[in-house]
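Visitor: A structural model of the following input is requested.
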Amino acid sequence: MSYPINALLYIYMLSLIPSFEGRYAIIVGSVIKLNPFLSLITATLGIVTLSIILPYSLPLIDNIALKLMNSKFKILRSTANLYVRYVNRIRGKSGKHIHKYGYLGLILFVAVPLPGTGVWTGSLAAYLFGMKKKETIISLFIGGLLSNIITFIPTYFGQALC
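Guide: From the prediction side, this is the model:
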């Protein structure tokens, strides 16, 4: 059975969205009747993309947000303040796991398939705690892959039973 490229692109794009990421893209793939293994592979490509790009992008995003905090435009200041509040929340939420367990803590934090614990948040936490990029990328990928697999198993068996 062939699948339209639109469906694969849709799953890939969903896997890039913060808090949604691959784990929920797999579920959407199931809903639109995409082959579950194809959905898993496509969502995992999104995890690979995020794992590589985010550790290098976050310092830039951070610098932009800090500059926008002094903007004369209220909407830009508000957006920057929202980002700073989010960063502080992540620091508190992930700090105990990452400080205590290091890269293993980052893997486990990212692997939990709940909103706010994925590759985006894990990448931000790794950046905030000054973790090395190479190890961060590997940890984000492993954690994201585990999260995808944790989501995939009940989705696949649920689809097989129907």
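Visitor: least confident secondary structure element in this protein?
Guide: Within the chain, judged by mean pLDDT, DSSP states H and E, the helix or strand with the poorest mean is helix 74-111; its value is a mean of 84.
Visitor: and that one, what other elements does it pack with?
Guide: On a contact count with 3 or more Cβ pairs under 8 Å, 6 or more residues apart in numbering; DSSP states H and E, helix 74-111 meets helix 36-68, helix 119-128, helix 133-161. C-beta coordinates here come from the backbone N, C-alpha and C atoms, glycine included.
Visitor: that one: which residues count as buried?
Guide: 76, 79-80, 83, 87, 90, 94, 97-98, 103, 105-111 (16 or more other Cβ atoms under 10 Å).
Visitor: re the thing from before, hey, which of the helices and strands packed on helix 74-111 is tucked in deepest?
Guide: Mean neighbour count (mean count of other Cβ atoms under 10 Å) peaks for helix 119-128 among the helices and strands packed on helix 74-111, with a mean of 25.
Visitor: next, the residue with the largest distance to the centre of the chain: phi, psi?
Guide: Centroid-distance maximum for the chain: Lys72 at 32.0 Å, with Cα atoms, centre = their mean. As for Lys72, its main-chain torsions (degrees, to the nearest 10) stand at phi -80, psi -10.
Visitor: and the pLDDT for it?
Guide: Per-residue pLDDT puts Lys72 at 89.
Visitor: pick out the residue closest to the middle of the chain.
Guide: Note: the chain centre (Cα atoms, centre = their mean) maps to Val119, 2.9 Å.
Visitor: and it, how far is that from Leu128?
Guide: Distance, Val119 to Leu128, using Cβ to Cβ, to the nearest Å: 15 Å.
Visitor: got it, and Lys100?
Guide: Separation of Lys100 from Leu128 (Cβ to Cβ): 15 Å.
Visitor: give the residue spans of the chain that score low on pLDDT.
Guide: 1-3, 94-95, 97, 159-162 (pLDDT under 70).
Visitor: much appreciated, bye for now.
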